[in-house]
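S.K.: Pasting the sequence and the predicted coordinates here, then a few questions.
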Amino acid sequence: MANILVVDDRPTNRELLVTLLGYAGHRLLEASEGEAGLALARAEHPDLIITDIVMPKMDGYEFARLVRSDPAIAKTQIIFVTSSYIVEETQSLASACGVSVVISKPIEPQAFLAQINQVLIAQQIPVLTPVHKNFHQEHLQLLTNTLAQKVEELETEITEHKQSEEKLRESEELFRTSFQYSPIGMCLTALDGRFMDVNQTFSNMLGFTRQEFQEKYFNDITHPEDLKIGMDALRKMLAEEIPNAEFEKRYLQKNGEPIWAQVNSTLLKDPFGKPVRFITHILNITERRRAEKTLQQYTSDLERRVEERTIELTHANRAKSEFLANMSHELRTPLNSILGLSETLLEKSRGPLNEKQAHALQVIAASGTHLLSLINDILEVSKIEAEKLQIHPDVIGVKDVCESSLNFVRELAIKKSITLDFWNKQSLSTLFADPQRLKQILINLLNNAVKFTPEKGNVSLEVDVNDERNQIQFTITDNGIGIAPDDLKKLFSPFMQVDSSLARQYQGTGLGLTIAYKLTELQGGSVHVESAVGKGSRFTVSLPWDQTKTLIEETGQITKHAKAAQKPQHRLRPLVKILLADDHEVNTMMLGEYLQSHGYEVTIARDGLEALAKAEDTRPNIIIMDIQMPEMDGLEAIRHLRADQRFISTPIIALTALAMSGDRERCLEAGANEYMSKPVSLKTLAEKIQELVRPGE
């Protein structure tokens, strides 16, 4: 008795083989396809495998090759059972797969079993000769049962075929109904573009009857300028580059008038994959296109008006600044006379004054001084907006500038019984900034704090260093009336006041904070506000602070001699050329001087276009690029540089005041190696340059 694996995808054939072999006393294993048979063979190691040749997924040849390639079952005998009439070709292919026995269907039971026994005996496997007296009757009964099953399967297949035909008729009827009554135009066209049928919607859309359509090709009703669109789509579908095409084109109506349509065309194929016709859906979009054209015209007009208005506002703003500047100068001349005469009279140089006269002159002098302060503020704002304000940084004493600023507001604080405190937390001695503008910033903020703090309150000025960002910070804190969250948004806007009512309690133009904010920005710094209504406010002015730079400026002559002594050392190392692109004059001056003091050769560019030109001229080792610049911004300039093979690997540092979410990613995506936000630590910048530019580069 042998273990035999039968592999056949047809259940009837498999059952017949299993029954015959079972009568012969063999142990049977069954599989309905090649992969399952291969798994059984590897698991059970049968003595013999009988397999069909034509099977889905894996045919008998592939199955046999895989068996022969597996060392564990490679020697297992395989018999092919096939209905192929090409005996010689089958034998040849079988031999190539290592199969020597091929039995043709239909099989004769006794001859089949004899061949099986012959193969098993050759392997020295004992076999049993079937002696069952009813063998032939039972085999005949099996064949009868099989035939009855086949008849039943055929009847089922006929019934299913009839049902399919009925469903097909219903589907065709549904298609015809949908085609004829669809609210969207539809048509069937032959492969050459001739109309085979159209629905009523498409007929009404163009004004042709269905009979007239059948005499036309799609080119006949297509606008001449749009013929290429349809031809390209047809060619691509026939070449099987695309399954369907969607596009917009113009059709010509019967009266010659064009209409715009959205077209969706699909190539239909027969069951064998052969193209037979096109089905196309057509939607009239003439009104939509007309509306789009109107909207486009409206948008164009709006853009033109916005551009014109922008130019008008620019001119108006420039004229305003010029007017304010001119008027302030015109007002200062007579005001100078008023203040001068008032001061002369108060000194009694022109005779004695009674009490009323002295008081009147004091009022005139105070009012004149107040008016002069207002004019100065207005002039300051106009200069800042016109970008005419100059910053002149220098080494200044921290204690001196703070105490001088406090002294300026001390008289008003004494009148309101407000205490003034000053702390220099790290005993800082000097910093590098514009002394006049820094004092102006502190006075404006201190004056604001005293003005909005009630009697017997407290105002403090604190100086500290933020080591992480290399900034020096001046913090003015008060316990005054505080500022509401909604009012914080307009706090630094010119001429805007938190209390703008006619009955407002506090005087002022609303320019002090604006000037402080803008002067801080001009020096590369920032102003931060924290406030709570009824509790007070805290204003923090942060400015770039670098101890090395301060020491260099503070010890001017010593530094110059030190530089002279170090010149031979600079010659020993390669000269690093830096291109600094920034439109802000104070920033370029501050950064340029600092980098030059560290032995770098610095070239300045004031916009993106100039940066590209100077990069070509100087071939820098590293580029420091501001982002917000006129003519061409920094991001665009970086992209141009990266597109040039000469600068594709040149290190670029994006140095910018942009600090919103996503700004860093945009800079790096444009091609920058590093992103640093202002105010920047000069020491950190120098370290970053050394990191990006290695010796010899």
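M.R.: Yep, it's here.
S.K.: can you give me the helices for the stretch 501-650 of the chain?
M.R.: 512-522, 547-554, 556-572, 585-597, 608-618, 634-642 (DSSP state H, counting those that start in this stretch).
S.K.: domain assignment for the chain?
M.R.: 3-131, 182-284, 290-385, 394-545, 562-692 (automatic domain parsing).
S.K.: rank those by pLDDT, which is bottom?
M.R.: Mean pLDDT across the domains of the chain is lowest at domain 290-385; the value there is a mean of 77.
S.K.: Throw the domains of the chain into TSV and include mean neighbour count, thanks.
M.R.: All C-beta spots, glycine's among them, are computed from the backbone N, C-alpha and C. What follows is the domains of the chain, written out as TSV (neighbours: other C-beta atoms under 10 Å):
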stretch	mean neighbour count
domain 3-131	17
domain 182-284	15
domain 290-385	13
domain 394-545	17
domain 562-692	18
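S.K.: Residue 155: which of these is closest?
M.R.: domain 3-131 (15.5 Å; C-beta to C-beta).
S.K.: Same question for residue 107, what's its three-state structure.
M.R.: coil (DSSP: H, G, I helix; E, B strand; the rest coil).
S.K.: Let's verify the closest residue to it other than its chain neighbours: helix, strand, or coil?
M.R.: Distances taken as C-beta to C-beta, 6 or more residues apart in numbering put residue 81 closest to residue 107, at 7.0 Å, once the chain neighbours are dropped. Following three-state DSSP, we place residue 81 in the strand state.
S.K.: show me the contacts for residue 81.
M.R.: Shown in contact with residue 81 (C-beta atoms under 8 Å, 6 or more residues apart in numbering): 8, 13, 17, 50, 51, 52, 53, 102, 103, 104, 105, 107.
S.K.: which residues does it bridge with?
M.R.: Counting by DSSP bridges, residue 81 forms beta bridges with residue 52, residue 103.
S.K.: how about the helices of the stretch 151-300 of the chain, start to end?
M.R.: Under DSSP H, counting those that start in this stretch, the stretch 151-300 of the chain gives helices at 200-206, 210-213, 227-238, 286-346.
S.K.: Relative to residue 275, which of these is closest?
M.R.: helix 227-238 (6.4 Å).
S.K.: For the residue nearest to residue 45 when sequence neighbours are not counted, give me phi and psi.
M.R.: Excluding its sequence neighbours, the residue lying closest to residue 45 (C-beta to C-beta, 6+ apart) is residue 73, at 6.1 Å. Residue 73 adopts backbone torsions of phi -130, psi 10, taken as degrees, to the nearest 10.
S.K.: Report the separation between residue 73 and residue 51.
M.R.: From residue 73 across to residue 51, the span is 13 Å (C-beta to C-beta, to the nearest Å).
S.K.: Isn't residue 397 up against residue 428?
M.R.: No: in this structure, residue 397 is not within contact of residue 428 by C-beta atoms under 8 Å, at 9.4 Å.
S.K.: Check this protein for its longest strand and report it.
M.R.: Identified as the longest strand of the chain according to DSSP state E is strand 258-269.
S.K.: Run me through the strand neighbours of that one, direction for each.
M.R.: Assessed with DSSP bridges, strand 258-269 is paired to strand 244-252 (antiparallel), strand 275-284 (antiparallel).
S.K.: Turn the ones you listed into JSON lines, columns for distance to residue 232.
M.R.: As requested, the strands paired with strand 258-269 are exported to JSON lines (distance: least, C-beta to C-beta, whole Å):
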{"stretch": "strand 244-252", "distance to residue 232": "8"}
{"stretch": "strand 275-284", "distance to residue 232": "14"}
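S.K.: Out of those, which gets nearest to residue 577?
M.R.: Nearest to residue 577, of all these, is strand 244-252, at 54.9 Å by C-beta to C-beta.
S.K.: contacts for the closest one?
M.R.: So strand 244-252 is in contact with 205-206, 221-223, 225-226, 229-230, 233-234, 236-237, 258-267, 282, 285, going by C-beta under 8 Å, 6+ apart.
S.K.: give me that answer again for 7 Å
M.R.: 206, 221-223, 226, 229-230, 233, 236-237, 258-266, 285 (C-beta atoms under 7 Å, 6 or more residues apart in numbering).
S.K.: And for stretch 577-595?
M.R.: 391, 393, 522-524, 549, 600-608, 611, 614-615, 618, 620-626, 629-630, 634, 637, 682.
S.K.: Doesn't residue 71 lie inside a helix?
M.R.: No: the assignment for residue 71 by three-state DSSP gives coil, which leaves it out of any helix.
S.K.: and the gap between residue 636 and residue 607?
M.R.: 11 Å.
S.K.: same deal with residue 4?
M.R.: 89 Å.
S.K.: and if you look at residue 238?
M.R.: Between residue 238 and residue 607 the computed distance is 55 Å (C-beta to C-beta).
S.K.: Then residue 51?
M.R.: 81 Å.
S.K.: Repeat that for residue 278.
M.R.: Taking C-beta to C-beta as the measure, residue 278 falls 57 Å from residue 607.
S.K.: How about residue 491?
M.R.: In terms of C-beta to C-beta, residue 491 sits 32 Å off from residue 607.
S.K.: circling back: report the contact partners of the residue nearest to residue 45.
M.R.: 41, 42, 45, 67.
S.K.: what's the helix or strand for the first one?
M.R.: If you go by DSSP states H and E, residue 41 is part of helix 34-44.
S.K.: Please apply the same query to the last one.
M.R.: Residue 67 is part of helix 60-68, with elements assigned from DSSP H and E.
S.K.: angle of that helix against helix 34-44?
M.R.: Counting by axes from the mean of the first three to the mean of the last three C-alpha atoms, to 10 degrees, helix 60-68 lies at 30 degrees to helix 34-44.
S.K.: Run through the neighbouring helices and strands of helix 60-68.
M.R.: Helices and strands touching helix 60-68, by 3 or more C-beta pairs under 7 Å, 6 or more residues apart in numbering; DSSP states H and E, are helix 34-44, strand 48-52, strand 77-82.
S.K.: Between these, which one is closest to residue 453.
M.R.: Among those, helix 34-44 sits nearest to residue 453 (C-beta to C-beta), with 88.3 Å.
S.K.: Run the chain-centre distance for that closest one.
M.R.: Between the mean C-alpha location of helix 34-44 and the chain-wide mean there is a distance of 52 Å, by C-alpha atoms, centre = their mean, to the nearest Å.
S.K.: Show me what it is in contact with.
M.R.: By C-beta under 7 Å, 6+ apart, helix 34-44 touches 3, 5, 7, 29, 31, 49, 51, 55, 57-58, 62-63, 66-67, 70, 72-73, 76.
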